[in-house]
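Asker: With the input below, show me the fold.
(one chain, ligands or ions: 2)
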Amino acid sequence: MAKSKKNDNICTFCGEAIPDNSLLIHGQDGAICENCADAVEDILRDWNMNRSTRKTDKQVKRVEKLLKPHEIKAHLDQYVIGQDEAKRVISVAVYNHYKRLSHPPVLPDDVEIEKSNIILVGETGTGKTLMARAIAKMLDVPFCIADATVFTEAGYVGEDVESILTRLLQAADYNVQKAEKGIVFIDEIDKVARKGADNPSITRDVSGEGVQQSLLKLLEGSMVNVPPQGGRKHPEQRFLEVNTQNILFIASGAFNSIDKIVAERMNTNVIGYNKKNRQLDKNNMMQYLTTQDLKQFGLIPELCGRFPVITYMNKLDHEALKRILLEPKNALIKQYERLFEIDGIQLKFTDETLDYIVEKAMELNLGARGLRSIIEKIMNSAMFEFPGSNKKKVVIDLDYAKDQFEHSIYSFLD
Ligand SMILES: Nc1ncnc2c1ncn2[C@@H]1O[C@H](COP(=O)(O)OP(=O)(O)OP(=O)(O)O)[C@@H](O)[C@H]1O
Ligand SMILES: [Mg+2]
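Answerer: Ligands and ions are numbered 1, 2, ... in the order given. Down below sits the predicted model:
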């Protein structure tokens with residue numbers, strides 16, 4: 001194929017003469033202009049879509065091979081400690097997403113399984129983003145993580161929400177049909193909550209409600225024009241059309257202090273509860289979280305309505321934090337042991353030291369996020385001094401850990 005030559009500017013398909021500055025692609029015996037190429041692309045897309053709705057034996061077999069929910073959860077267990085409730089809900093949603101894709105309605109009367117977008121709520125450092133990454137490692141559909149904080153309403157400085165789909169297209173290697181079956185994880189969704197009526201000085205809520213409104217368009221299953229941003233396969237086109245009908249959206253956010261909103265609502269409803277003889281578990285109000293609380297927090301009702309599944313991440317307790325230090329595939333302690341091992345040094349932490357690290361992390365109230373900075377403070381001198389020394393074994397006991405940690409804090413205060 002080559003570009004048009006001067007006296008050879010007729011499109012074989014429509015018979016039009018194509019001006020020199022327009023695209024005309026030549027084949028062996030003919031040429032096709034940009035308009036006709038677009039039309040062919042549409043025909044191909046329709047044809048492929050119809051083909052994918054015909055059930056074949058191969059497809060049915062593929063469904064049988066799909067990971068079942070408990071297998072998906074087992075995979076997540078390797079990375080995410082605790083959070084059983086959220087892992088179960090997500091495993092079911094991911095499984096149903098696959099089932100939905102592999103069993104589209106064929107006849108007009110067939111039941112269509114609707115998708116169940118999920119919203120995942122949990123305090124900072126409880127593993128929300130980690131969960132997203134763990135899902136990504138397992139899937140064979142395109143997956144991308146988008147951070148809601150970078151989006152602004154169209155026309156303002158920042159990214160348009162459509163760029164979420166650009167990332168999904170990139171994950172699908174610009175194959176639109178593949179991208180249309182993907183999963184999008186929108187992190188930090190709480191950061192685009194509507195700023196409350198208690199702040200009347202905000203006249204335009206550029207990064208809040210406007211962004212939520214734009215997100216609606218993606219979520220409701222429409223054709224969205226996506227800028228491929230330098231997409232290799234479509235250098236001539238400014239937009240690719242992506243149908244979001246089958247894309248599964250998982251949104252997550254810390255929703256700081258939403259437990260207070262839940263508690264307030266539950267307390268006003270508490271009489272109803274007593275009638276049913278149910279005790280309110282005051283230590284874990286998040287289990288009662290509903291769409292109503294998300295609305296109260298500042299998500300617009302239309303957006304909440306498009307996330308029918310709500311789940312939450314528990315606050316991490318002492319035992320969970322200790323397990324996080326030791327158990328995941330790339331647990332922090334394993335990482336430090338490995339760092340020393342490379343220098344031929346065997347590293348050990350005593351059990352008391354691990355408890356001390358966990359206690360300090362709980363004081364920080366940053367979930368598992370605090371663990372790393374604490375170990376780093378404890379280990380900094382050792383990592384500086386021991387490589388290249390003749391030490392073959394290092395034990396980090398409680399006295400040493402306390403000494404290093406407190407010293408690092410005092411030197412910080414100096
Ligand atoms: N349940 C968990 N199991 C294993 N590791 C965890 C868990 N929760 C958090 N971590 C670890 O803590 C760190 C922070 O976790 P992550 O980024 O997932 O938090 P987050 O919930 O997304 O917090 P934020 O709301 O601040 O974004 C990561 O290094 C992660 O590996
Ligand atoms: Mg996060």
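Asker: For the stretch 251-400 of the chain, what lies in contact range of ligand 1?
Answerer: 254, 324, 328, 367-369 (Cβ under 6 Å from any ligand atom). Using the backbone N, CA and C atoms, a C-beta is placed for each residue, glycine as well.
Asker: Any chance of CSV for those, columns secondary structure and neighbour count?
Answerer: Shown next, in CSV, are these (DSSP: H, G, I helix; E, B strand; the rest coil; neighbours: other Cβ atoms under 10 Å):
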residue, secondary structure, neighbour count
Ala254, coil, 19
Ile324, helix, 24
Pro328, coil, 20
Gly367, coil, 23
Ala368, coil, 23
Arg369, helix, 16
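Asker: Could you provide those residues in TSV, with additional columns for distance to Val395 and pLDDT?
Answerer: Converted to TSV, these look like this (distance: Cβ to Cβ, whole Å; pLDDT from 0 to 100):
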residue	distance to Val395	pLDDT
Ala254	37	92
Ile324	22	96
Pro328	23	90
Gly367	28	91
Ala368	24	94
Arg369	27	92
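Asker: The closest residue to ligand 1 within the stretch 51-200 of the chain - how many residues pack around it?
Answerer: Residue of the stretch 51-200 of the chain nearest ligand 1, by Cβ to the nearest ligand atom: Gly127 (2.9 Å). By other Cβ atoms under 10 Å, the residues close to Gly127 number 28.
Asker: Give me the nearest residue to it, chain neighbours excluded.
Answerer: Val80 (5.0 Å; Cβ to Cβ, 6 or more residues apart in numbering).
Asker: so that neighbour is in which element?
Answerer: Following DSSP states H and E, there is no helix or strand that holds Val80.
Asker: check contacts around it.
Answerer: 87, 127, 130-131, 134, 328 (Cβ atoms under 8 Å, 6 or more residues apart in numbering).
Asker: Contacts only, for the residue of the stretch 51-200 of the chain closest to ligand 1.
Answerer: Contacts of Gly127 by Cβ under 8 Å, 6+ apart are 80-83, 313, 316, 367-368.
Asker: For Pro328, see how far away it is.
Answerer: 10 Å (Cβ to Cβ, to the nearest Å).
Asker: With Asp317 instead?
Answerer: 17 Å.
Asker: How about Ala263?
Answerer: For Ala263, the distance to Pro328 - Cβ to Cβ - is 32 Å.
Asker: now Gly298
Answerer: Taking Cβ to Cβ, one finds Gly298 at 33 Å from Pro328.
Asker: At the geometric centre of the chain, which residue sits there?
Answerer: Nearest to the mean C-alpha position of the chain, by Cα atoms, centre = their mean, lies Phe185 at 2.5 Å.
Asker: Can you name the next helix or strand after the strand or helix carrying that one?
Answerer: Using DSSP H and E, Phe185 maps to strand 183-187. Heading C-terminal from strand 183-187, the first helix or strand you meet, by DSSP H and E, is helix 209-219.
Asker: C-terminal to that following helix, what's the next element?
Answerer: Using DSSP H and E, the first helix or strand after helix 209-219 is strand 223-226.
Asker: so what does the strand or helix carrying Ile261 touch, helix or strand wise?
Answerer: Take DSSP H and E as the rule and Ile261 turns out to sit in helix 258-268. When contacts are defined as 3 or more Cβ pairs under 8 Å, 6 or more residues apart in numbering; DSSP states H and E, helix 258-268 sits against helix 291-297.
Asker: who touches the helix it packs on?
Answerer: 119, 121, 190, 193, 255, 258, 261-262, 265, 301, 304-305, 307, 310.
Asker: Name the nearest of the contacts of Gly127 relative to Arg45.
Answerer: Val80 (37.7 Å; Cβ to Cβ).
Asker: Tell me, please, where in the stretch 1-150 of the chain the pLDDT is lower than the cut-off.
Answerer: Under the criterion pLDDT under 70, the flagged ranges of the stretch 1-150 of the chain are 1-7, 46-65.
Asker: Can you list the residue ranges for strands in it?
Answerer: Using DSSP state E, counting those that start in this stretch, the strands of the stretch 1-150 of the chain run over 2-3, 24-26, 31-33, 118-121, 143-147.
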